[in-house]
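J.: 3D model of this:
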Amino acid sequence: MKTNSTPSSSTHRVEDFDFTFKLVSTFFLIIIIILTLIGNTFVICAFAMFRKLRSVTNHFVVSLAFTDLLVAVFSMPVWAAYLLTGPEWIYPMWLRKIWACMDILCGVASILHLSFISVERYKCISSPLKYHEIITAFKTRVAIAVIWVFSFTMAMIKFIIWGYPPPAYQLSAFILCFVLPTFVMSCAYILIFKVSRTQAKKMTMTIKGKSKRFCLPKELKAAKTLAVVMGAFLFCWFPFFLINVIFAVCRTCPIVDNKAIMLTKWLHYLNSVLNPIIYSCMTRDFRNAFKKLGLCAVQKVMGRYSQLERGLSLSFTRGRTSSRGLPDVHS
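T.: Numbering: from 1, shown residues only. So this is what the prediction gives:
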């Protein structure tokens, strides 16, 4: 997976960046960095501070938030600097390698977390009575470890074959890191929707001899949630993998539009902003925790402001009092 999207081969020339494009693209990327840091920090803090959120399910969500934080701390700033100085790289080779490997590590880990979350949620809905036997804390830790080991392996392969990766690596990354996770997520969410429909049909009530559905709102809400999850994933990642496949199979393409490349990077970085919104803010417990954290933050800021205001007022009052007590040197 060629995540830097800045081919060094002469057969793939990248057009120069104009000044306006540099400023606008960097500005939007800085906004994405700030939102990613805030959203995912809130997720981790809420998980650490509120015992109610420390469920097996939320271990995946917190690990995903940690992954997105790494993207905001290591990957995005380097890319922002590249936008300002590109299209030629001005960094030493070791920094480029570290950035590319971190980008792959975090990107693959993020996608695999989404896949495991979809499977976990399917088990939760399809087998509610056996869920705690199937999805245990130990199995969750093993799954998270597998995610990180596989992601690290993909990053190390990129490091070893540095330069222009062979098409086999690009296509393998496309299949293993996008096609297969997309297939797993699609199957899981389709099955979740079918189970929800089946349960809704069973839960009927008879009013005046007529059988009516009373779980339709919940069913529609579930369908909307699943549509948002899959829509966000495909919207953010499909263009990125598509352009990487083009790089792999089309070695003779003379010019690659820089705006298309930049757009794919923005989109897959944008996924780090959307993840805490989709997987946390749609959960009532997380929403309540976020409200409490927000109130605490506001209270601390207001408290410090009040203390500062009282301190300034007190020093001003003392200053006036001491000035009145000074003897008149002219008397």
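J.: which stretches in the stretch 1-150 of the chain count as helices?
T.: 19-49, 56-70, 76-85, 93-126, 131-134, 137-160 (DSSP state H, counting those that start in this stretch).
J.: ranking the ones you listed by burial, who's on top?
T.: helix 56-70 (a mean of 22; mean count of other CB atoms under 10 Å). Bear in mind the C-beta positions are built from the backbone N, C-alpha and C, glycine included.
J.: before we move on, the earlier item: Cys296 is nearest to which of the helices of the stretch 1-150 of the chain?
T.: Evaluated over the helices of the stretch 1-150 of the chain, closeness to Cys296 peaks at helix 19-49, with 9.2 Å, by CB to CB.
J.: please name every helix or strand in contact with that closest one.
T.: Helix 19-49 sits against helix 56-70, helix 76-85, helix 258-276, helix 284-325, with contacts defined as 3 or more CB pairs under 8 Å, 6 or more residues apart in numbering; DSSP states H and E.
J.: give me the residue at the spatial middle of this protein.
T.: Ser272 (2.0 Å; CA atoms, centre = their mean).
J.: of the helices of the stretch 1-150 of the chain, give the one that comes closest to Pro276.
T.: Of all those, it is helix 19-49 that lies closest to Pro276, at 3.8 Å by CB to CB.
J.: nearest spatial neighbour of Val184, skipping sequence neighbours?
T.: Spatial nearest neighbour of Val184, excluding adjacent residues (CB to CB, 6 or more residues apart in numbering): Ser115 at 4.8 Å.
J.: list the contacts of the one you found.
T.: For Ser115, the contact set (CB atoms under 8 Å, 6 or more residues apart in numbering) comprises Pro181, Val184, Met185.
J.: kindly recompute the last result at 10 Å.
T.: Counting by CB atoms under 10 Å, 6 or more residues apart in numbering, Ser115 makes contact with Ile147, Cys177, Leu180, Pro181, Thr182, Phe183, Val184, Met185, Ala188, Phe233.
J.: how about Thr136?
T.: When contacts are counted by CB under 10 Å, 6+ apart, Thr136 touches Val56, Val142.
J.: please apply the same query to Glu133.
T.: Glu133 makes contact with Ser127 under the criterion CB under 10 Å, 6+ apart.
J.: got a pLDDT number for it?
T.: The pLDDT attached to Glu133 in the predicted structure is 84.
J.: and what of Leu37?
T.: 94.
J.: ok, back up a step: excluding chain neighbours, what is closest to the residue nearest to the centre of the chain?
T.: Asp68 (3.8 Å).
J.: what does Met185 give?
T.: Residue nearest to Met185 in three dimensions, not counting chain neighbours: Ser118, with 4.5 Å by CB to CB, 6+ apart.
J.: from Cys45, how far out is that neighbour?
T.: Relative to Cys45, Ser118 is positioned 25 Å away (CB to CB, to the nearest Å).
J.: try Gln199
T.: On the measure of CB to CB, Gln199 and Cys45 end up 35 Å apart.
J.: now render the helices and strands packed on helix 19-49 as a markdown table, adding mean pLDDT and distance to Phe50.
T.: As requested, the helices and strands packed on helix 19-49 are exported to a markdown table (pLDDT from 0 to 100; distance: least, CB to CB, whole Å):
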| stretch | mean pLDDT | distance to Phe50 |
| --- | --- | --- |
| helix 56-70 | 89 | 10 |
| helix 76-85 | 83 | 28 |
| helix 258-276 | 84 | 15 |
| helix 284-325 | 67 | 5 |
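J.: looking at these, which is closest to Ile38?
T.: Nearest of the helices and strands packed on helix 19-49 (CB to CB): helix 258-276, 8.8 Å.
J.: quick one: pLDDT of the residue nearest to Val184?
T.: pLDDT, Ser115: 90.
J.: again, but for Pro165
T.: If you check Pro165, the pLDDT there is 62.
J.: cool, and Thr283?
T.: Thr283 is assigned a predicted lDDT (pLDDT) of 77.
J.: neighbours of it, how many?
T.: Applying other CB atoms under 10 Å, we find 16 residues neighbouring Thr283.
J.: contacts only, for it.
T.: Leu53, Thr57, Asn58, Val61, Ala289, Phe290.
J.: can you give me the distance of the first one to Asn288?
T.: Looking back up the chat, that one is Leu53. According to CB to CB, Leu53 stands 10 Å off from Asn288.
J.: okay, and the common contacts of these two?
T.: Residues touching both Leu53 and Asn288 by CB under 10 Å, 6+ apart: Ala46.
J.: higher neighbour count, those two?
T.: Leu53 (20 against 14).
J.: so for that one, what's the pLDDT?
T.: pLDDT recorded at Leu53 is 85.
J.: surely it meets Phe286?
T.: Yes. The pair Leu53 / Phe286 is scored as a contact, 6.7 Å apart, by CB atoms under 10 Å.
J.: and for these two, which residues touch both?
T.: Each of Val43, Ala46, Phe47, Val61, Ser280 lies in contact with both Leu53 and Phe286 under the rule CB under 10 Å, 6+ apart.
J.: quick revisit: for the residue nearest to Ser272, what are its contacts?
T.: Applying CB under 10 Å, 6+ apart to Asp68 gives the contacts 36-37, 39-41, 43, 106, 109-110, 113, 269, 271-276.
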